[in-house]
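Peer 1: Quick check, what structure comes out for this input:
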Amino acid sequence: MHRIQKLKTYICIRKVGKMENIVAINLTRARQFRGLTMDQLAGKINCSKQAISHYENGVRYPDSKTLLAIGDALDLELDYFYSDSSVKFSLHNISYRQGFGLDSKQKQDVEDETSSLLSDYLELEAIAKELVVFQNPLEDLVISSTSDAEKAAKQLRKRWKLGEGPISNITGLLERKGVRIIKCDFDFFYTHEGLSGWAEDKKVPVIVLNSRQQDLSRMRFTILHELGHLLLVMAENVDEIAIERICDAFAGAVLLPVEILIQEFGKNRTAITMPELKRIKELYGISVAAIMVRASVTKLISWDAYNKWKQSDFSDFDYGQFSGTEEPQRFEQMLYRCLSERKIGFDKAARLARRDEAELRKIYSQQQLEF
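Peer 2: Below you'll find the model as predicted:
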């Protein structure tokens, strides 16, 4: 459709009051994804920052000339501004991954549910003006082996200034860095803790967590395994099975760097006691099984010693528990901030959070403090 015809359609729809919020949300999202401040966008189209603020908050709406200028400045077709603000999410190819076992319908169900939840998430981000643009700290590395994964994990800790100690809350860390973490209630039996994928033309990385009750140490490993899928640039000759091993190695190395292993265990061990393993698990939030894999991979114990241990009959769950939390918090934080600042009403907040409005009002009134 010609640009002028599109503008006429936009103006007609506005007259019946259906497009204002969509235009405001899409404008905010587009500006933030392109890394522009309101001042910078205003400069590009020769208007004031206050005008941009009014457009994004739905106080005023851009006229046809301004909307054309905004589209040119953001390199967007006019369709973007007044089309539905829903998001299309796509999972990584998971058909080859052992134990994942999603058929085509189940995969589509997960993608559809995540797309719906993510649309609400990004809409709330736009309203709150709190979109975090994701930057891959490892995009300059090409990974072809598990030893490369070890180096990548070390670089990640360095570039994100994590030091060598325990990471108390991986979910909170990733949410601050721009990874959207969403809990999804699968309507079918599915034993794995998480999946991952991208939305918004690979601008928005997403980790989908299975909302069923899970072992926290195992969940932390899974989150970092999925982060490996999102961050690591694989060499062209790496096959799919090797990719899984590389992501496992990356997750283990992020959780428990080799320097910490040596510090905790010493070198050339012939045996490791369960109290030692329990202590590491409780402190670093990594399962006993994953600790033993790390000890084997980094040659602190021999491969034969690892295989002998692996054949023993033990339940990881019985040997200590990590006492932290990995519950996603960012969506709820934005929701309550928007409510307290009156950027949204309870009806809108309840819809975005998929909760009963009366229940949300009750929780909010119990937590609110007036200043």
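
Peer 1: hang on, residue 309 in a helix?
Peer 2: Yes: counting by DSSP: H, G, I helix; E, B strand; the rest coil, residue 309 is located in a helix.

Peer 1: correct me, but it touches residue 293?
Peer 2: No: Residue 309 is beyond contact range of residue 293, at 10.3 Å (criterion: C-beta atoms under 8 Å). For glycine as for every other residue, the C-beta is placed from the backbone atoms N, C-alpha and C.

Peer 1: Would you map the strands across the stretch 101-250 of the chain?
Peer 2: Shown for the stretch 101-250 of the chain, the strands assigned by DSSP state E, counting those that start in this stretch span residues 142-143, 180-184, 194-199, 204-210, 233-234.

Peer 1: Mean neighbour count, distance to residue 62 and mean pLDDT for these - can I get that in CSV?
Peer 2: Shown next, in CSV, are the strands of the stretch 101-250 of the chain (neighbours: other C-beta atoms under 10 Å; distance: least, C-beta to C-beta, whole Å; pLDDT from 0 to 100):
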stretch, mean neighbour count, distance to residue 62, mean pLDDT
strand 142-143, 19, 44, 96
strand 180-184, 21, 28, 90
strand 194-199, 22, 26, 86
strand 204-210, 24, 25, 89
strand 233-234, 15, 39, 94
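
Peer 1: out of the ones you listed, nearest to residue 70?
Peer 2: The closest approach between residue 70 and any of those, judged by C-beta to C-beta, belongs to strand 204-210 at 21.3 Å.

Peer 1: Tell me the strands beside the closest one, with direction?
Peer 2: strand 180-184 (parallel), strand 194-199 (antiparallel) (DSSP bridges).

Peer 1: which other residues reach it?
Peer 2: Strand 204-210 has contacts (C-beta atoms under 8 Å, 6 or more residues apart in numbering) with 87, 89, 91, 110, 114, 118, 122, 134, 174, 178-184, 186, 190, 192-199, 219, 223, 226-227, 230, 328.

Peer 1: of all the strands paired with strand 204-210, which lies closest to residue 359?
Peer 2: That would be strand 180-184 among those, by C-beta to C-beta, at 18.1 Å.

Peer 1: Determine how far the closest one lies from the middle of the whole chain.
Peer 2: From the chain centre to the centre of strand 180-184 is a distance of 7 Å (C-alpha atoms, centre = their mean, to the nearest Å).

Peer 1: Same check on stretch 271-290?
Peer 2: Worked out by C-alpha atoms, centre = their mean, stretch 271-290 lies 27 Å from the chain centre.
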